[in-house]
Every structure is written in C-alpha cells, then in structure tokens.
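J.: Could you look at this predicted model? Sequence included:
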Amino acid sequence: MNKDFSFTIKRIRFDEHYQPADSTRITTNFANLARGECRQQNLRNALTMINNRFNALAQWDNPKGDRYSVELDIISVDVDIDGNGAGFPSIEVLKTNIVDHKTNERIEGIVGNNFSSYVRDYDFSVLLLEHNKQQAQFSIPENFGELHGKLFKYFVNSDAYKQHFKKPPVICLSVSDNKTYQRTENQHPVLGVEYLPNESSLTEQYFNKMGLQVRYFMPANSVAPLAFHFVGDLLNDYTNLELISTISTMETFQKIYRPEIYNANAVAGKSYKPDLKNQDHSITQIVYDREERSKLAIAQGRFAEEHFIKPHRATLEQWSANYA
C-alpha cells in the first residue's frame, strides 16, 4: 500500500516590493535579487528588462514596443509526507502572466521557468560531493535523482497542480559550459534557431528523471541558446505569447547571473562552447553575489538532509520503490 503525499500551493507576486519568504531558497534567482541595499532598484531593473525583451519579441501590432507587460508569481509548493499538515518546501517555480494593454486582457503564461528545489541542492551539493570524495574518478551515485524526479512527476500529475495550472511546466535553464552545441537548420518563429549538444549533461539526465525532455534554442537577438525542459511538444503545445513570456523572463535572469554567456558581446556561432571565463561581456546594472550563491547551495542541501531526507528516509524509500 503506497501512501499519498499532499501538496499545498502558495503564490506571491514578484514585483519591486517582493520580500523572500523564510522558506525560499536564498540562492533562487528571484530571491537573490531581493536582498541588500539595492534590492528595490534590482527588482525594478530586472522587471523593466523582462518587459522590454517581451515587446521586442512580440513586435507584431506593437508599433511603440509597449503593448505588453509581464506579471510574475512565485509558486511555492510544500509537500506533506506525514499527513499532519506540516509541509516541507519542496519546489519553487515562476508563473508568467501577460498583460495586453491594447485589449486590457490578462493572458495566462507558462508555469515553471525558473526551478528551485532544496532536494536538488541535497543531491548535487551533499550527496554527489560526498560520493565523489571516495572515488578515484568522478561518478554518479546509484539512483541519483530518482526520489526528486518521482516527487516532481507526482506533483505535476496531482489534483493540486491541475486545479491551479492548465498546461504542463516548461523550465528554462542556462546551457552547460562543458558541452559543445551545434547549430541546426531548424528555426522556430519565436524560439529561434535550434542547437544540438555533443552529449547529454548531468543536469539533462536529472531533469529527464523528472519526466522532462530538453531542446536548445537561441531566440532572435540573443547571443546564446537556452535549455528548454518540457513535457509533450514544446513547439506546438504553447502559444507564441506564452513562449515569449518564458524567454523574456529567463533570458533576463541569465543576463544577470551568467553575463559571460548571455550578455556576451559576440553571438554564438555554428559550433558553440559556452565560456564562464569569457571577459568580452557586458554587466547589467544589477548587483549579485555569485560566490555567495555557491556556498549557500551546500547549506541548503544540508537543510534538506536534516529536515526532509533523514527524518523521512524510510517513508520516502518505501514510497519511491512503489511509485509507478
């Protein structure tokens, strides 16, 4: 008999007044911007970048480039393992909504975009690191990402998800700096030119266990491809405006966090290898501490280990073994 876990979904508006919740991973893109003395300016600048990019991509019937703006909600998902109402913060994603100022209508966007998870921090910053301390060469622990993947699939198939969201999630990430990407002839009117990686990355395999496949596209006037992780048919399941809401949001975050790749002064060529040491790039007017972010990932992984993995190990192992 497999017990049911329940999910609670909360949403908070991401705007210039946003304050991260206590349960939010502080390395999460949107939370990192909302800290320190420049927080309000950071948030305002990021939202302006998102709106400008959206209007540049949605240029039809938009002569002044100001027809649309993007609203962002942070979706926090708590999982209750014991059925006693005590939830653990399992994942956080972003939900886009599009405001059309010409028709005064609000158009639903895509859920996913950014992806934040304490259990993923545990897998990558605790489990993977400790496993490789004992190894002569890098290897992956057995069943790596299995529990996390099953929890994610269980959530996406849950009644809670279906009550809140009409379509499956799309998660948009940076390309990997240890892979090479080849440009193809395939081109989509919004997503742009498709690239293919020379091999599968660990992140790709991890998201695959979450039931997500991946394709790489470089939109018009971008300088590097983005990784789109999705269920189903990315090119036909979503409207142009939905896809533009994801591109404009996530490309903005990547310009802030990965300027060497996404704010580079040279555009990716036919064969492209991302370089985090690339000096030929521009910096946005947004303050961000990348070094702090990598240290915090370990602390967050330990938090997941202490408050989720260890106390519920037997229950989680049994549930995972029975999950179909």
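T.: Happy to help now that I have it.
J.: where along the stretch 51-200 of the chain do the strands fall?
T.: Counting by DSSP state E, counting those that start in this stretch, one finds strands in the stretch 51-200 of the chain at the ranges 68-80, 88-100, 105-117, 170-173, 181-188, 192-197.
J.: Please enumerate the helices of the stretch 151-300 of the chain.
T.: Along the stretch 151-300 of the chain, counting by DSSP state H, counting those that start in this stretch, helices occupy 159-164, 202-208, 234-237, 240-257, 259-262, 290-304.
J.: Could you save those as a markdown table and add columns showing mean neighbour count?
T.: The way it works is simple: take the backbone N, C-alpha and C, and place the C-beta from them, glycine included. Below are the helices of the stretch 151-300 of the chain laid out as a markdown table (neighbours: other CB atoms under 10 Å):
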| stretch | mean neighbour count |
| --- | --- |
| helix 159-164 | 12 |
| helix 202-208 | 18 |
| helix 234-237 | 14 |
| helix 240-257 | 24 |
| helix 259-262 | 21 |
| helix 290-304 | 16 |
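J.: related to what we said a few turns ago, to Asp280, which of the strands of the stretch 51-200 of the chain lies closest?
T.: Proximity to Asp280 (CB to CB) singles out strand 181-188 among the strands of the stretch 51-200 of the chain, at 18.5 Å.
J.: Buried residues, that closest one. List them.
T.: Applying a neighbour-count criterion of 16 or more other CB atoms under 10 Å, the buried positions in strand 181-188 are Tyr181, Arg183.
J.: got the CA coordinates for it in CSV?
T.: Provided in CSV are the C-alpha atoms of strand 181-188 (Å, rounded to 0.1, in the frame of the first residue of the first chain):
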residue,chain,number,x,y,z
TYR,A,181,26.4,22.9,-29.2
GLN,A,182,26.0,22.7,-32.9
ARG,A,183,23.6,25.0,-34.8
THR,A,184,20.9,23.2,-36.9
GLU,A,185,18.8,24.3,-39.8
ASN,A,186,15.7,24.1,-37.7
GLN,A,187,14.2,27.5,-36.9
HIS,A,188,11.0,28.4,-34.9
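J.: hmm, back to that, take the strands of the stretch 51-200 of the chain and lay them out in a markdown table including mean pLDDT and distance to Gln300.
T.: What follows is those, written out as a markdown table (pLDDT from 0 to 100; distance: least, CB to CB, whole Å):
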| stretch | mean pLDDT | distance to Gln300 |
| --- | --- | --- |
| strand 68-80 | 94 | 15 |
| strand 88-100 | 93 | 10 |
| strand 105-117 | 94 | 9 |
| strand 170-173 | 96 | 18 |
| strand 181-188 | 97 | 29 |
| strand 192-197 | 97 | 28 |
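J.: Can you tell me which of these is nearest to Lys133?
T.: strand 105-117 (23.1 Å).
J.: of all the helices of the stretch 151-300 of the chain, which lies closest to Thr48?
T.: Comparing the helices of the stretch 151-300 of the chain by CB to CB, helix 240-257 comes nearest, at 9.2 Å.
J.: Now Asn45: which helix or strand?
T.: For Asn45, the host element (DSSP states H and E) is helix 39-57.
J.: what about Asp280, neighbour count?
T.: 9 (other CB atoms under 10 Å).
J.: got a list of what it touches?
T.: Ala264, Asn265, Ala266 (CB atoms under 8 Å, 6 or more residues apart in numbering).
J.: Ok, Leu202 next?
T.: Per CB under 8 Å, 6+ apart, neighbours of Leu202: Ile140.
J.: again with Asn157
T.: Residues near Asn157 by CB under 8 Å, 6+ apart: none.
J.: could you check the distance from it over to Glu317?
T.: Distance, Asn157 to Glu317, using CB to CB, to the nearest Å: 21 Å.
J.: cool, and Ala136?
T.: 28 Å.
J.: ok, these two, which is more surrounded?
T.: The neighbour comparison of Ala136 against Glu317 (other CB under 10 Å) goes to Glu317, with 12 against 6.
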